[in-house]
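Trainee: need a 3D model of the sequence below.
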Amino acid sequence: MKKRYPRMALGAVLLPWREDFTLDEPLFRKGIKALVDGGLKYIYTFGTAGEGYGVGEKMFSEITAIFADELKDTGTVPITGVISLSMEEMIRRLEIAYGLGIRDFQISFPSWGALTDEEVLIFFHDVCDRFPDCRFMHYNNGGRSKKLLKAKDYIRLADEIPNLAAVKFMNDSLEDVINVVRAETPIQFVLSEYGYGLGCLYGECSMLFSSIATHLPTAWRLYEAGLKQDIPTIVKLEQEVALSQEILFETCKTPVINAAYDKLYVKAFIPEFPMRLYPPYQTFSEKQVEDYMREMKMRLPQWFQSNTP
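Mentor: Model prediction:
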């Protein structure tokens, strides 16, 4: 079945904050350019990693304008994430980004309370139907939205919502991964590094470059191994990803929001990238960052060679 999005490698661009919590625009543009130069054709911002939950409307508008401008004429598709407790505010931000030329969006459910099945349908119709010439990716984050959709839900939604084109499916349950990849639906499923290796053995799926984005050549090797169903290479590279996570949890034990982990991954190839998060969220200490980098370079030295694929 033809998918509404092509198979893709998806990368996230993060927000570098100065000490006064204004955006460091040159560094933000540098982060975008690094992903483009690394071969990524789909880049999103304002997910959990991109702190979309924290910024106000003015900052959202300014950052989206820079994001769209930096990706203009690059051949890379900008995808803007919209997170809000209010569907009205969500639609307002979609209108702002639409006015800046964005036509691809990542959306999440309002997260104050879990939606019923009927409310899920209302949400997608009210949001997606307003922008019929746009493509939407659903960020299926049950931990935050308290509503995790499964394969059967997306089969039903695909018929109802013609511009629901993709799902960022971060549930690594083996059963759920296999079911969404096997599902007869035009929706493209984007899986984590862990889910992707398995999913590729059962059908077409895409990959989110997250922790493995620390070293883009390794990320691309895993992506290509999935396309070829090269099981030995998939196993080898996923063992490396697992080791990177082991190092992370050994050296950075402070409870933090996910964006802190993502900034640590970026800092591995852009050393000047600041770790600070938008208030009130806190990040890792300088010592934790130093310990993480030291252990990574010692135990995964191949991830610190040239970052050009």
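
Trainee: do you have the strands of this protein handy? List them.
Mentor: Ranges of strands in the chain, per DSSP state E, are 9-12, 42-45, 77-82, 104-107, 135-140, 164-169, 188-191, 206-209.

Trainee: which one of the ones you listed lies closest to residue 176?
Mentor: Closest approach to residue 176 among these (Cβ to Cβ): strand 164-169, 7.7 Å. For the C-beta atoms, the positions are set from N, CA and C on the backbone; glycine is no exception.

Trainee: the closest one vs strand 135-140, what angle?
Mentor: Relative orientation of strand 164-169 versus strand 135-140 (axes from the mean of the first three to the mean of the last three Cα atoms, to 10 degrees): 30 degrees.

Trainee: picking up where we left off before, could you export the strands of the chain as a markdown table, including distance to residue 1 and mean pLDDT?
Mentor: Output for the strands of the chain, formatted as a markdown table (distance: least, Cβ to Cβ, whole Å; pLDDT from 0 to 100):
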| stretch | distance to residue 1 | mean pLDDT |
| --- | --- | --- |
| strand 9-12 | 20 | 95 |
| strand 42-45 | 20 | 96 |
| strand 77-82 | 22 | 97 |
| strand 104-107 | 21 | 97 |
| strand 135-140 | 17 | 96 |
| strand 164-169 | 13 | 96 |
| strand 188-191 | 11 | 97 |
| strand 206-209 | 15 | 95 |
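
Trainee: would a markdown table of those with distance to residue 19 and mean neighbour count be doable?
Mentor: Listed next are these as a markdown table, based on distance: least, Cβ to Cβ, whole Å; neighbours: other Cβ atoms under 10 Å:
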| stretch | distance to residue 19 | mean neighbour count |
| --- | --- | --- |
| strand 9-12 | 23 | 26 |
| strand 42-45 | 22 | 24 |
| strand 77-82 | 25 | 25 |
| strand 104-107 | 29 | 23 |
| strand 135-140 | 30 | 23 |
| strand 164-169 | 32 | 25 |
| strand 188-191 | 34 | 25 |
| strand 206-209 | 29 | 26 |
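
Trainee: same list (these) but as JSON lines, adding distance to residue 225.
Mentor: Below are the strands of the chain laid out as JSON lines (distance: least, Cβ to Cβ, whole Å):
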{"stretch": "strand 9-12", "distance to residue 225": "12"}
{"stretch": "strand 42-45", "distance to residue 225": "19"}
{"stretch": "strand 77-82", "distance to residue 225": "24"}
{"stretch": "strand 104-107", "distance to residue 225": "26"}
{"stretch": "strand 135-140", "distance to residue 225": "24"}
{"stretch": "strand 164-169", "distance to residue 225": "20"}
{"stretch": "strand 188-191", "distance to residue 225": "14"}
{"stretch": "strand 206-209", "distance to residue 225": "10"}
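
Trainee: so which of the ones you listed gets nearest residue 258?
Mentor: Closest approach to residue 258 among these is made by strand 9-12 (10.6 Å; Cβ to Cβ).

Trainee: sheet partners, orientation included, of the closest one?
Mentor: strand 42-45 (parallel), strand 206-209 (parallel) (DSSP bridges).

Trainee: now distance to residue 11 too, for these, in CSV please.
Mentor: CSV is the format used below for the strands paired with strand 9-12 (distance: least, Cβ to Cβ, whole Å):
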stretch, distance to residue 11
strand 42-45, 5
strand 206-209, 5
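
Trainee: quick one: closest of those strands to residue 100.
Mentor: Closest approach to residue 100 among those is made by strand 42-45 (12.4 Å; Cβ to Cβ).

Trainee: what residues does the closest one touch?
Mentor: 8-15, 32, 35-36, 50, 52, 63-64, 67, 71, 76-81, 104, 106, 137 (Cβ atoms under 8 Å, 6 or more residues apart in numbering).

Trainee: swap the cut-off to 6 Å and go again
Mentor: The contact list for strand 42-45 (Cβ atoms under 6 Å, 6 or more residues apart in numbering) reads 8, 10-13, 35, 67, 76-77, 79, 81, 106.

Trainee: quick check, nearest of those to residue 219?
Mentor: When those are ranked by distance to residue 219 (Cβ to Cβ), residue 11 comes first, at 8.5 Å.

Trainee: residue contacts, that closest one?
Mentor: Neighbouring residues of residue 11 by Cβ under 6 Å, 6+ apart: 35, 40, 43, 209.

Trainee: can you find the helix or strand in this protein with the smallest mean pLDDT?
Mentor: Least confident helix or strand, the chain: helix 142-145 with a mean of 66, by mean pLDDT, DSSP states H and E.

Trainee: how about low-confidence regions in the stretch 201-309 of the chain?
Mentor: For the stretch 201-309 of the chain, residues meeting the criterion pLDDT under 70 lie at 306-309.

Trainee: the helices in it, which residues?
Mentor: For the stretch 201-309 of the chain, helices defined by DSSP state H, counting those that start in this stretch occupy the ranges 216-228, 231-251, 258-267, 286-299.

Trainee: no further questions, thank you.
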